[in-house]
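Enquirer: build me a model:
(one chain, ligands or ions: 2)
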Amino acid sequence: MAFCTNMRNNDVYLYVTNRLDWGHLVTVDNFETHHFNNELYEIQNNRWDWEKRYLHVNYSQNLDTNLNVTMPCPDVFWFPMVTERFCDELVGEMENFGQWSDGTNTDPRLEGGYENVPTRDIHMRQVGMDHQWLAFLRDYVRPLQERVFLGYQHYDPRLEGGYESVPTRDIHMKQIGLEPGWLHFLQHYVQPLQQRVYEGYWNDPPRSTMNFVVRYRPDEQPFLKPHHDSSTYTINLALNRPKIDYEGGGCRFLRYNCSVQDTRKGWMLMHPGRLTHYHEGLYVTKGTRYIMISFVDP
Ligand SMILES: O=C(O)CCC(=O)C(=O)O
Ligand SMILES: [Fe+2]
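Expert: Ligands and ions are numbered 1, 2, ... in the order given. Down below sits the predicted model:
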């Protein structure tokens, strides 16, 4: 104000405009400099710059409910998510860290210490990116999930998580003390029927969310045998290019005999983790294939 008054008093002419973009302020407090690619970690602190660098230019098209979402296999959805730069820097971050798991069933990073379907991988937590990745899931993945898998979650205080997808007027078995008997019924009479109609499904014990980058190589771990994920839904983000960076590879859904092999760098598959989407990672015959995987229980 004093500046303006002074200018007026001295007859200095000012032309003020907000129509041109002269830039913006960057938040430099808390900028971490010990990572291999520091900007990659700025999803929360410098959102505007992060999106410009790393969010796919067509990301928001999939939030437009007038447009259809691509579905390469039944109930498998496909979204452009991140830029090539994101993919390269995430792979770089992992390769710089370098401590890929050995692909055996023993995995000291997990609570139970046991991995049923081991991959050669590095967890986001190991490179200090777990918080940033959760922000990515919350702000960019969840809106897409809510679009394609409608109706998830309504509040129900009787449930552990507090949410129920389709609320009914009901009384739980637990409320009338019949829960143990009911579990027995499920195990002995229902499960055998379920196993007949949906092959390969079991969920014992349920595990928490995991976020990791997988590396496939012909001379290391070239494929992943058929399995379910410990997730309600899984996201599978391609970090490099088929036919250029590697040969073979891709994801096959056995129930539909449907494979996605023409994956696109920076694009993400989303599919139910259990029951219907029994799947496998196809053989990589040449080069290295990288993917980013999250097991999500929304
Ligand atoms: O290779 C793929 O695309 C599938 C990977 C996968 O199923 C997993 O990591 O759980
Ligand atoms: Fe999987």
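Enquirer: quick one: end-to-end length of stretch 41-48, please.
Expert: End-to-end distance for stretch 41-48, by Cα to Cα, to the nearest Å: 13 Å.
Enquirer: what of stretch 8-20?
Expert: End-to-end for stretch 8-20, by Cα to Cα: 24 Å.
Enquirer: residue contacts, the residue in the chain that ligand 1 sits nearest to?
Expert: The minimum distance from the chain to ligand 1, using Cβ to the nearest ligand atom, falls at residue 281 (2.6 Å). To be clear about C-beta, it is placed using only N, CA and C from the backbone, and glycine gets the same treatment. Neighbour list for residue 281: 119, 214, 216, 223-224, 249-251 [criterion: Cβ atoms under 8 Å, 6 or more residues apart in numbering].
Enquirer: among those, which pair sits farthest apart?
Expert: Greatest spatial distance in the contacts of residue 281: 119 and 250, 14.9 Å, computed using Cβ to Cβ.
Enquirer: residue ranges with poor pLDDT in the chain?
Expert: 150-170, 173, 182, 186, 190-209, 298 (pLDDT under 70).
Enquirer: at 80 what do you get?
Expert: 111, 116, 149-211, 296-298 (pLDDT under 80).
Enquirer: which other helices and strands contact the biggest strand by length in the chain?
Expert: In the chain, assigned by DSSP state E, the strand with the most residues is strand 289-296. Judged by 3 or more Cβ pairs under 8 Å, 6 or more residues apart in numbering; DSSP states H and E, strand 289-296 is in contact with helix 84-97, strand 211-216, strand 233-238.
Enquirer: please identify the most buried of these.
Expert: Across the helices and strands packed on strand 289-296, averaging neighbours per residue (mean count of other Cβ atoms under 10 Å) puts strand 233-238 on top, at a mean of 24.
Enquirer: report the angle between that one and strand 289-296.
Expert: 160 degrees (axes from the mean of the first three to the mean of the last three Cα atoms, to 10 degrees).
Enquirer: what is the following helix or strand past strand 233-238 packed up against?
Expert: Per DSSP states H and E, the first helix or strand lying C-terminal to strand 233-238 is strand 246-248. If you count contacts as 3+ Cβ pairs under 8 Å, 6+ apart, strand 246-248 packs onto strand 284-287.
Enquirer: adjacent strands (with direction) for the strand it packs on?
Expert: strand 246-248 (antiparallel) (DSSP bridges).
Enquirer: list the buried residues of whichever helix or strand comes after the partner strand.
Expert: Next in sequence after strand 246-248, counting helices and strands by DSSP H and E, comes strand 251-253. Applying a neighbour-count criterion of 16 or more other Cβ atoms under 10 Å, one finds 251-253 buried in strand 251-253.
Enquirer: turn those residues into TSV, columns for distance to ligand 1.
Expert: Output for the buried residues of strand 251-253, formatted as TSV (distance: Cβ to the nearest ligand atom, whole Å):
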residue	distance to ligand 1
251	3
252	8
253	10
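Enquirer: burial measure for residue 135, as a count.
Expert: 14 (other Cβ atoms under 10 Å).
Enquirer: quick one: contacts for it?
Expert: Residue 135 neighbours (Cβ under 8 Å, 6+ apart): 43-44.
Enquirer: any idea which element it lies in?
Expert: Going by DSSP H and E, residue 135 is part of helix 130-136.
Enquirer: can I get that helix in CSV, CA atoms only?
Expert: Provided in CSV are the C-alpha atoms of helix 130-136 (Å, rounded to 0.1, in the frame of the first residue of the first chain):
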residue,chain,number,x,y,z
ASP,A,130,5.7,-45.1,1.1
HIS,A,131,4.0,-41.8,2.3
GLN,A,132,4.2,-40.3,-1.2
TRP,A,133,2.9,-43.4,-2.7
LEU,A,134,-0.1,-43.4,-0.4
ALA,A,135,-0.8,-39.9,-1.4
PHE,A,136,-0.7,-41.0,-5.0
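Enquirer: can you name the next helix or strand after it?
Expert: Sequence-wise, the next helix or strand downstream of helix 130-136 (DSSP H and E) is helix 142-148.
Enquirer: got the buried residues for that next one?
Expert: In helix 142-148, counting by 16+ other Cβ under 10 Å, buried: 144-145.
Enquirer: got a list of contacts for that helix?
Expert: By Cβ under 8 Å, 6+ apart, helix 142-148 touches 62-63, 65, 69, 77, 79, 152, 233, 270, 296, 298.
Enquirer: thanks a lot, catch you later.
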